[in-house]
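# Build the 3D model from these lines:
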Amino acid sequence: MTETTSTTDSKILKVAVIQMAIGDEPKEHRFQRIATLLDQTRDSNLILLPELWNVGYFAFDRYQKDSEPITGPTVQLIQAKARELGAHIMGGSFIEEENGRHYNTTVLTGPTGQIIATYRKIHLFGYGSEERQLLTPGDKIGTVSTRKGTFGMTTCFDLRFPELYRRLLDDGTEMFLVASAWPHPRLEHWKIMTRARAIENQSFLAAANCTGINRGKQYCGHSVILDPFGKVLAEGGEEEAILRAEIDLREVVQARDAFPAVKSRVFK
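Below you'll find the predicted structure:
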């Protein structure tokens, strides 16, 4: 998908990643809290939210009950805040319902509130999780070109599949946007794989993870913003937080020219 481009638009992004604490509170309470957190990102032009922040990833009993169409209240809230803040918002994800099927869907909105792109999570998690039983996997990758740059949208378990990130790279991605609900005890996997996806593709990466305890499962936090060499520009701990970093997407070309690993790939 493509947003109309303009040569006068800067490639500099003020990124804010919201690491939200997820418990077992009602969905309506989460709406109030995410609005409050978004209000604290008014100096940013690209904002990321975590996976299933409105339901709670481990609240499998709520998936169908709290599912919504793409025109539902969760996306409406994200669109309204995008207009208010004049920012691109990658709205985490929500349980989308369409024609009797349910998806783990991420929406990217532009600064006027328009929906620029949607991505339905391709790799559904099945280890100690009911996600794979309850939801339908997506079948399209999430590349989107905007006035600011080209982004690749992915969700949580997708991080374990480097071939997906290679496809996004080949589609022109300069920065990966990751919505996640990654739990303990696999914190080290999270740290390694977020950096690996940035390093091997010489791309920026911003990942919004949950924190808190939901249905007895503890999220590991440590949301992160990385540069194309895997350098940590901002990282959270295990408390609710907002991470910030200013990045220049032109550094992607510079990194790939300075150390041409991506250009050295051999196909046989």
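# Quick check: bridge partners of G152?
Beta bridges link G152 to T143, F176 when assigned by DSSP bridges.
# For the chain, which residues score under the pLDDT cut-off?
With pLDDT under 70 as the threshold, the chain has low-confidence stretches at 1-9, 268.
# Can you check which helix is longest in it?
The longest helix of the chain (DSSP state H) is helix 187-201.
# Quick check: next helix or strand after that one?
strand 204-208 (DSSP states H and E).
# coming back round to it: what's the offset of the longest helix of the chain from the middle of its chain?
Centroid displacement of helix 187-201 relative to its chain, using Cα atoms, centre = their mean, to the nearest Å, is 15 Å.
# can you list the residues that contact it?
For helix 187-201, the surrounding residues in contact (Cβ atoms under 8 Å, 6 or more residues apart in numbering) are 159-160, 162, 165-166, 168-169, 173, 176, 178, 180, 182, 203-205, 207, 209, 220, 222, 224, 226-230, 232, 261-262. All C-beta atoms are positioned from the backbone trio N, CA, C, and that covers glycine.
# got it, and stretch 58-71?
Outside stretch 58-71, the residues that touch it by Cβ under 8 Å, 6+ apart are 24, 27, 54-56, 74-75, 94-98, 102, 105, 107, 115, 118, 129-131, 134-135, 181, 183, 214-217.
# In helices, which of the residues you listed fall?
Applying DSSP H to the contacts of stretch 58-71, the entries found in helices are 27, 74-75, 131, 134.
# which one of these has the most neighbours?
T74 (27 neighbours; other Cβ atoms under 10 Å).
# isn't it right up against N54?
Yes. In this structure, T74 is within contact of N54 by Cβ atoms under 8 Å, at 5.3 Å.
# returning to that earlier point: can you turn the buried subset of the contacts of stretch 58-71 into a selection I can paste into PyMOL?
When burial is assessed using 16 or more other Cβ atoms under 10 Å, the buried subset of the contacts of stretch 58-71 is captured in PyMOL by this command:
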select buried, resi 27+54+55+56+74+75+94+95+96+97+102+105+107+115+118+129+131+134+135+181+183+214+217
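# where along the stretch 151-268 of the chain do the strands fall?
For the stretch 151-268 of the chain, the strands defined by DSSP state E, counting those that start in this stretch occupy 175-179, 204-208, 213-214, 217-218, 224-226, 232-235, 241-248.
# can you put those strands in JSON lines and add distance to I70?
Conversion of the strands of the stretch 151-268 of the chain to JSON lines gives the following (distance: least, Cβ to Cβ, whole Å):
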{"stretch": "strand 175-179", "distance to I70": "16"}
{"stretch": "strand 204-208", "distance to I70": "20"}
{"stretch": "strand 213-214", "distance to I70": "24"}
{"stretch": "strand 217-218", "distance to I70": "28"}
{"stretch": "strand 224-226", "distance to I70": "28"}
{"stretch": "strand 232-235", "distance to I70": "31"}
{"stretch": "strand 241-248", "distance to I70": "26"}
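# closest to I12 out of the ones you listed?
Shortest distance between I12 and those, using Cβ to Cβ, is found for strand 241-248: 5.0 Å.
# if we can go back for a sec, nearest to L49 among the strands of the stretch 151-268 of the chain would be which one?
For the strands of the stretch 151-268 of the chain, proximity to L49 was assessed by Cβ to Cβ; strand 204-208 is nearest, at 5.7 Å.
# next one: the closest one to chain centre, how far?
Using Cα atoms, centre = their mean, the mean C-alpha position of strand 204-208 is found 7 Å from that of the whole chain.
# before we move on, the earlier item: for T74 and N54, list the residues in contact with both.
Common contacts of T74 and N54, defined by Cβ under 8 Å, 6+ apart, comprise 31, 94.
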